[in-house]
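Participant: Would you be able to build a 3D model of this:
(2 chains)
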2 protein chains.
Amino acid sequence: MGAKTDHLRQLLGEIFDLNAASALLSWDQQTYMPPAGAEGRSMQLATLSKLSHDMFVSDEFGEALQAAQAEVAGQPPEVDDAALVRRAARDFDKQRRVPSEYVAEFTRLTTLAHPIWEKARADANFAHFRPSLEQIVSMRRDYAAFFAPYDHVYDPLLDDFEPAMPTKQVKAVFDALRPQQVELVRATAERGRKVSDAVLHRAFDVERQWTFGVEVIRKLGYDFNAGRQDKSVHPFTTSFGVRDVRITTRLDPKFLNPALFGTIHETGHGLYEQGIAVHLDRTPLATGTSMAIHESQSRMWENFVGRSRPFWVAFYPRLKKLFPESLGDVKLDDFYRAINTVEPSLIRVEADEATYNLHIMLRFELEMELMSGTLAVKDLPEAWNTRVRDYLGIAVPDDAQGVLQDVHWSFGGFGYFPTYALGNLVAAQLWEVIEKDIPDLTSQIERAEFGGLLGWLRDKVHRHGAKFYPDELLRQVTGQSLTPEPYLRYLRAKFGEVYELH
Amino acid sequence: MGAKTDHLRQLLGEIFDLNAASALLSWDQQTYMPPAGAEGRSMQLATLSKLSHDMFVSDEFGEALQAAQAEVAGQPPEVDDAALVRRAARDFDKQRRVPSEYVAEFTRLTTLAHPIWEKARADANFAHFRPSLEQIVSMRRDYAAFFAPYDHVYDPLLDDFEPAMPTKQVKAVFDALRPQQVELVRATAERGRKVSDAVLHRAFDVERQWTFGVEVIRKLGYDFNAGRQDKSVHPFTTSFGVRDVRITTRLDPKFLNPALFGTIHETGHGLYEQGIAVHLDRTPLATGTSMAIHESQSRMWENFVGRSRPFWVAFYPRLKKLFPESLGDVKLDDFYRAINTVEPSLIRVEADEATYNLHIMLRFELEMELMSGTLAVKDLPEAWNTRVRDYLGIAVPDDAQGVLQDVHWSFGGFGYFPTYALGNLVAAQLWEVIEKDIPDLTSQIERAEFGGLLGWLRDKVHRHGAKFYPDELLRQVTGQSLTPEPYLRYLRAKFGEVYELH
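Facilitator: Numbers count the residues shown, from 1 in each chain, chains lettered A, B, ... in the order given. Predicted coordinates:
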């Protein structure tokens, strides 16, 4: 390792420490902080993020970066130093382009917009939120302008979440995917309501749900020596370095899914962070490389593993034993179908595996149009409702269950949504390779043995942290760029069987 | 409020936020952090404390301070701005006098000394720790030299914990106290072993201990909306602002005292911090004014309230109900005597109320001699053992139970010990005024009504935070400087009754 890069690494280490402290402040806010602490906490978070930003965009940092760039010039990202400098340079360039006045103004705008959105949603009244959203959209276009020239005005926004992934690539993939996924959902609907998730809505003691969850994630390989699980209203994963990666879950006494699949989902995120090579710790490479790759890990464990039949061959006896009253009369096959029920619904976060991407794609399309200016904010609710009808075949009764349902736009998070769907696609793309590399994967899972799968993910994905950009990583591991085909094959095979389609 | 002081307040606010984040990192380390997080955590703490220190001793801060000093010149500390500037100036001056090379070197030394002390204690071998302690003593004398001229070489050390409290004042008070406290302990010992705490060593279900503790501290007035209680190996109180003040406790299934009196003790600290005026939040005044005043609050609630007969008139029926197997045969009077057993013992942290100060005074004396150079480190064990015999009447079997028992010297915390004893004295001095101001205090406590007492403490002590130096506060509230008489009267009255002395 070179001396110049070591100096850069030291500065990055201090910034990392500040960000880790911020992450702990946020974790605490969502788990244990007493209510009256909220105001002080927001000051603490603001101060730490300001300090971290100031250190990062400082001239001192810029000079250290330049020196390190000269040192690693010509080296590929396989070399740790080169990958580190590349990532730092990218982030530095992005943050230096955005004036601090813009950041302050945008923070002020979205801080005010959040409660306005909350009230609008409570009242199912889009008109109340519209002026705020118009300003937010306008400011997000200003943001994109800092990165001109660009191929698509949406590119700089998407790039914040998916480094080096152009809008046109995502659009092409979604355009190929959407009609086929719409068709699949339609086909399941035409089979009638023969599959139901009613048994999941029975009574489930929350302490036993917790016990089961902990048993499962231990088996999956989550390391409690380097992490912990707590409860929070909105489950999340956070880390303060690769040796302290924490997840949260929530428990619903009348619905098994949140704890069951939520826990496995967050474990997927947690396993990724815990699997990053220790020597990358305390650098910007000590995290998942993008939202989509992160989501591929959580969705793979949640759906490809956790909603598979072999998984429940292993775990259903134990689950049944924990909940004899509610599951005593439910056979494995019926349980398996229940957790794989497909039913078009209004709310994204409650959507099933087969319809979920359709929720995402309509948001992605609307975001692109808003940013391009081909859709005005005032016309957004109608555009929303039309797409929900087209893609999901259902009517939106009011804006609370439609255009106002998600928090993302209130904080200006344009570019975020597509990563959820990309995660599913990436998971499928990886899964096809995994199935080739581990021929007896099914029987391993039936025996609750996940070492083979986790070892593969560690080797191919986790240990690299953020060394490679998402599409680089995909090509490296699967031999090709992002493609929708594996995911379509997966959906067709799975739901073709569950719904007995031909 | 003046503009210059407001600018200073803003800088102090950012430093406060950084320190609050550090406090949360420490809280988490002692409550929830997974083991593997330790290394990263120490880096995060080091970075935050370095940043906080750099901001504080910066020229920018110095200039802001100077401007504010001019603005508040001539105003008394009753004025918030004046108190704030005075305190900030004091801390700034102290920190600027200490070269950063010294801080780095001392941190390195004590970081290395800690495991050496741990091993020495485990092996009961002082010789192993001696070279480290010699260096530490030497460096603490260097530290004092930064503050020359001084009246006593111990002054600058004590001042870190007790602002503006000179060594000679503490020495005079202790010299008056010691012979009389030694005499009292001797008198109780001569009565024989008629009082015993054996019943406290029975089996006590830890969950019920927790329940009882929470019931008690709610009644005392601890605000769970602005605080919480968790478990930790070493109980402590911490705060991240006056609206988020947390305490911890520990539970022993075979001994009632740690949870019982430990919980009330920490609650005393917590009530102090929660009672600070909200408008002082996010400044250096948003904390207790000194260690001794802090300890006066914890010891008052723990001993003057929690070990009093009226308190148990209120709470013993409930405690008995929670532990019918272990306390069913124990009458209130017997329980009261059990929790007030006096017995000279070797270990400070396990000492009872009547002997505790003797442990402290011998440490104070040895520290002064070490600092003055009249006692060499090599002669420390013998000096220790001699004093234990003189003050407590018992022999020290080995250094682990003697001179090596406390962690404080391994981190260079000279000047810290006396504050523990001063806290007891201050508590008694306040208590005599409280008893005059609240004539029916006893019957209030018998009814588990603590609003009168807490209201008094809030008004006279808590709300001021660190506005006044400890002796200023004492004179303001009690009409006189620190004095040992009230504490001696309290001890004589209480143990005279428990031990039926004349």
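
Participant: ok now stretch A:95-102, how far from the chain's centre?
Facilitator: Averaging C-alpha positions (CA atoms, centre = their mean, to the nearest Å) puts stretch A:95-102 26 Å from its chain's average.

Participant: For that stretch, which residues meet the burial criterion?
Facilitator: A:V98 (16 or more other CB atoms under 10 Å in any protein chain shown). Just so you know, the C-beta spots here come from the backbone N, C-alpha and C atoms, and that holds for glycine as well.

Participant: quick one: is stretch A:220-228 near chain B?
Facilitator: Yes. Against chain B, stretch A:220-228 shows contacts by CB under 8 Å from any CB of the partner chain at A:223-228.

Participant: out of these, who's nearest chain B?
Facilitator: A:A226 (3.9 Å; CB to the nearest CB).

Participant: secondary structure class for the residue lying closest to the closest one once chain neighbours are set aside?
Facilitator: What sits nearest to A:A226 in space, not counting adjacent residues and going by CB to CB, 6 or more residues apart in numbering or on different chains, is B:A36, at 3.9 Å. At B:A36 the chain is in helix, as set by DSSP: H, G, I helix; E, B strand; the rest coil.

Participant: The residue of the stretch 351-500 of chain A found nearest chain B: neighbouring residues, count only.
Facilitator: Residue of the stretch 351-500 of chain A nearest chain B, by CB to the nearest CB: A:G465 (14.7 Å). Using other CB atoms under 10 Å in any protein chain shown, A:G465 has 27 other residues around it.

Participant: What distance do you get for it to A:H279?
Facilitator: 10 Å (CB to CB, to the nearest Å).

Participant: May I ask which helix or strand encompasses the most centrally placed residue in chain A?
Facilitator: The centre of chain A sits closest to A:E295, judged by CA atoms, centre = their mean, with a distance of 4.1 Å. Secondary structure assignment for A:E295, by DSSP states H and E: helix A:291-299.

Participant: Give me the distance from that helix to the chain's centre.
Facilitator: Distance, centroid of helix A:291-299 to centroid of chain: 6 Å (CA atoms, centre = their mean).

Participant: Up against chain B, what does the stretch 1-150 of chain A have?
Facilitator: Residues of the stretch 1-150 of chain A lying near chain B (CB under 8 Å from any CB): A:13-14, A:17-18, A:20-22, A:24-25, A:28, A:32-37, A:39-41, A:43-44, A:46-48, A:51.

Participant: Distance-wise, check the residue of the stretch 351-500 of chain A closest to chain B relative to B:V195.
Facilitator: 63 Å.

Participant: What of A:R191?
Facilitator: 81 Å.

Participant: Those two: who's more crowded?
Facilitator: When A:R191 and B:V195 are compared on other CB under 10 Å, the one with more neighbours turns out to be B:V195, at 20 against 14.

Participant: tell me the contacts of the more buried one?
Facilitator: Taking CB atoms under 8 Å, 6 or more residues apart in numbering or on different chains, we find B:V195 in contact with B:337-338, B:340-342, B:498-499.

Participant: Mind checking which of the residues of the stretch 1-150 of chain A next to chain B are in helices?
Facilitator: A:13-14, A:17-18, A:20-22, A:24-25, A:28, A:39-41, A:43-44, A:46-48, A:51 (DSSP state H).

Participant: And the buried ones among these, selectable in ChimeraX?
Facilitator: Buried subset of these, written as a ChimeraX selection, criterion 16+ other CB under 10 Å:
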select /A:13,14,17,18,20,21,22,24,25,28,40,41,43,44,47,48,51
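
Participant: Start and end of stretch A:191-204, how far apart?
Facilitator: End-to-end distance of stretch A:191-204 (CA to CA, to the nearest Å): 30 Å.

Participant: Quick check: buried residues in it?
Facilitator: Of the residues in stretch A:191-204, those buried by neighbour count under the rule 16+ other CB under 10 Å are A:195, A:197, A:199-200, A:204.

Participant: which among the residues you listed gets closest to chain B?
Facilitator: Of all the buried residues of stretch A:191-204, A:F204 has the smallest distance to chain B: 23.7 Å, by CB to the nearest CB.

Participant: Can you classify the closest one as helix, strand or coil?
Facilitator: coil.

Participant: Using PDB, write down the CA coordinates of stretch A:453-466.
Facilitator: What follows is stretch A:453-466, C-alpha atoms only, in PDB (Å, rounded to 0.1, in the frame of the first residue of the first chain):
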ATOM      1  CA  LEU A 453     -24.700 -20.800  -0.100                       C
ATOM      2  CA  LEU A 454     -23.300 -18.200   2.300                       C
ATOM      3  CA  GLY A 455     -19.700 -19.200   1.400                       C
ATOM      4  CA  TRP A 456     -20.500 -18.700  -2.300                       C
ATOM      5  CA  LEU A 457     -22.000 -15.200  -1.600                       C
ATOM      6  CA  ARG A 458     -19.100 -14.300   0.600                       C
ATOM      7  CA  ASP A 459     -16.600 -15.300  -2.000                       C
ATOM      8  CA  LYS A 460     -18.300 -13.800  -5.000                       C
ATOM      9  CA  VAL A 461     -20.100 -10.800  -3.600                       C
ATOM     10  CA  HIS A 462     -19.700  -9.900   0.100                       C
ATOM     11  CA  ARG A 463     -16.000  -9.800   0.700                       C
ATOM     12  CA  HIS A 464     -15.500  -7.200  -2.100                       C
ATOM     13  CA  GLY A 465     -17.600  -4.600  -0.300                       C
ATOM     14  CA  ALA A 466     -17.900  -1.500  -2.500                       C
END
